[in-house]
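Peer 1: Sequence and predicted structure are below.
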Amino acid sequence: MEPLRIVHISDTHFGEELKPEKLKKAIRQINALEPELVILSGDIVTWGIHREFRNAYEALGEIEAELFAVPGNHDARNDGLKYFRLYFGEVKKSVRLDGMTVVGVNSTLPDSDDGYIGEEQRRWVERRFRESCINMLVLHHHVIPVPHTGRNRNVLIDAGEIVESLMLHCHGGVVLAGHRHVPYSTKLLRTHIIHAGTLSSYKVLMPDNNYNIIEFDGESLKLKLRFIDLGEVEIGRFAIKHGLPEAISIYHSLTSTKRVLFISADVTRAERFASLFNRLSPENMHASVATPQNRRIGELLESADYAVALEEFDRANEVWNPEMSDADAEKHVRMLVERLLKN
Ligand SMILES: [Fe+2]
Ligand SMILES: [Fe+2]
């Protein structure tokens with residue numbers, strides 16, 4: 001398979017920080033590479049003002065490949081996201097490439113340099129990730145600290161949540177980010193986290209302004225760091241492994257809540273087991289009762305993680321004998337708790 005080539009640029013910083021000669025040279029180089037996609041991981045401008053965005057739109061329009069941009073904290077300054085949308089499309093977006101889905105999110109917060117993705121966007125990301133086997137998440141802020149930046153704090157507030165989402169739903173994935181103006185790459189279990197430096201800001205913390213060239217052949221990813229005037233450095237080749245790391249799925253299961261439903265036409269019977277369960281179960285589980293005649297039974301079953309019927313009922317996970325002794329009831333409930341803990 002012909003490798004899929006992606007150019008990853010970041011932190012162009014149009015406005016007072018821009019070095020226009022670096023930008024022009026970089027665009028000529030990028031066009032010569034003929035990438036499938038150019039990804040821009042935020043801080044397109046410096047102050048979030050209209051003139052900067054228009055200049056950025058005009059200059060970056062010289063890039064011949066499709067441009068996939070997400071906003072950075074500087075783009076969001078002064079209500080700048082409205083200009084981002086005017087010139088660079090939605091703040092969250094996804095595109096399918098050959099063998100890979102690229103998902104971009106808005107990690108900015110108003111009036112803050114910190115990053116946040118939030119539950120709603122995270123759920124949206126997870127839905128996109130389920131559509132593809134290999135995924136690339138693009139955001140501005142970093143999900144793990146980047147060394148050599150002088151500020152080592154991790155500024156994505158919900159980094160833990162997004163990392164778990166990546167592991168659970170991203171069966172071999174890549175994260176692209178910017179923000180710190182330092183190119184860096186590291187591996188977190190099966191996910192490769194790649195940061196780009198700044199393409200054209202004078203706030204450059206490296207020998208020269210730079211960008212990443214990523215080539216993906218379906219099984220492995222080749223990463224090169226390109227300095228605009230100092231040439232190319234090959235960073236490495238990384239295998240993309242499919243499959244969910246077991247440790248992550250165990251932790252996820254242990255922290256999830258579990259809802260158990262005891263079903264019987266005789267509510268008192270069902271309540272006996274539910275109250276026993278609620279007395280014995282760990283903090284993250286709860287049992288409630290329902291009758292098969294309940295008008296909401298379908299909905300209740302849908303939201304339950306496990307259903308136990310106390311008489312024949314084919315939509316339950318299992319049927320228990322309601323006449324069992326107290327000791328047997330306790331044994332059954334303990335075994336159920338144990339099973340639910342691991343699943
Ligand atoms: Fe920046
Ligand atoms: Fe930034």
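Peer 2: Here it is on my side, so go on. Ligands and ions are numbered 1, 2, ... in the order given.

Peer 1: Checking my notes, residue 211 in a strand, right?
Peer 2: Yes. Assessed with DSSP: H, G, I helix; E, B strand; the rest coil, residue 211 lies in a strand.

Peer 1: Which pLDDT does the model give it?
Peer 2: Looking at residue 211, its pLDDT stands at 98.

Peer 1: can you list contacts of the longest helix seen in the chain?
Peer 2: Using DSSP state H to define each element, the chain has its longest helix at helix 326-342. Here helix 326-342 makes contact (Cβ atoms under 8 Å, 6 or more residues apart in numbering) with 250, 253-254, 258, 260, 272-273, 276-277, 280-282, 285, 305-306, 308, 320, 324. All C-beta spots, glycine's among them, are computed from the backbone N, C-alpha and C.

Peer 1: PyMOL command for the buried members of those residues?
Peer 2: To isolate the buried ones among these in PyMOL, judged by 16 or more other Cβ atoms under 10 Å, type:
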select buried, resi 258+260+272+273+276+277+281+285+306+308+320
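
Peer 1: Which of the contacts of helix 326-342 fall within strands?
Peer 2: 258, 260, 285, 306, 308 (DSSP state E).

Peer 1: So the residue of the stretch 151-300 of the chain found nearest ligand 2, which state does it fall into?
Peer 2: Per Cβ to the ion, residue 179 is where the stretch 151-300 of the chain lies closest to ligand 2, at 3.9 Å. At residue 179 the chain is in coil, as set by three-state DSSP.

Peer 1: Now do the contacts for the residue found closest to residue 17 once you drop the neighbours it is linked to in the chain.
Peer 2: Closest residue in space to residue 17, ignoring its immediate chain neighbours: residue 201 at 4.4 Å, by Cβ to Cβ, 6 or more residues apart in numbering. Neighbouring residues of residue 201 by Cβ under 8 Å, 6+ apart: 11-13, 17-19, 43, 181, 209.

Peer 1: just residue 273 next, same as before
Peer 2: Residues 262, 287, 308, 310, 320, 329, 333 are the ones in contact with residue 273 under the rule Cβ under 8 Å, 6+ apart.

Peer 1: Tell me how far the last one lies from ligand 2.
Peer 2: Meaning residue 333. 52 Å (Cβ to the ion, to the nearest Å).

Peer 1: Near that residue, how many residues? Count them for me, please.
Peer 2: 23 (other Cβ atoms under 10 Å).

Peer 1: near ligand 1, which residues of the stretch 1-150 of the chain?
Peer 2: 11, 43 (Cβ under 5 Å from the ion).

Peer 1: The stretch 1-150 of the chain: helices as residue ranges?
Peer 2: Secondary structure of the stretch 1-150 of the chain by DSSP state H, counting those that start in this stretch: the helices cover 20-33, 50-60, 81-88, 119-130.
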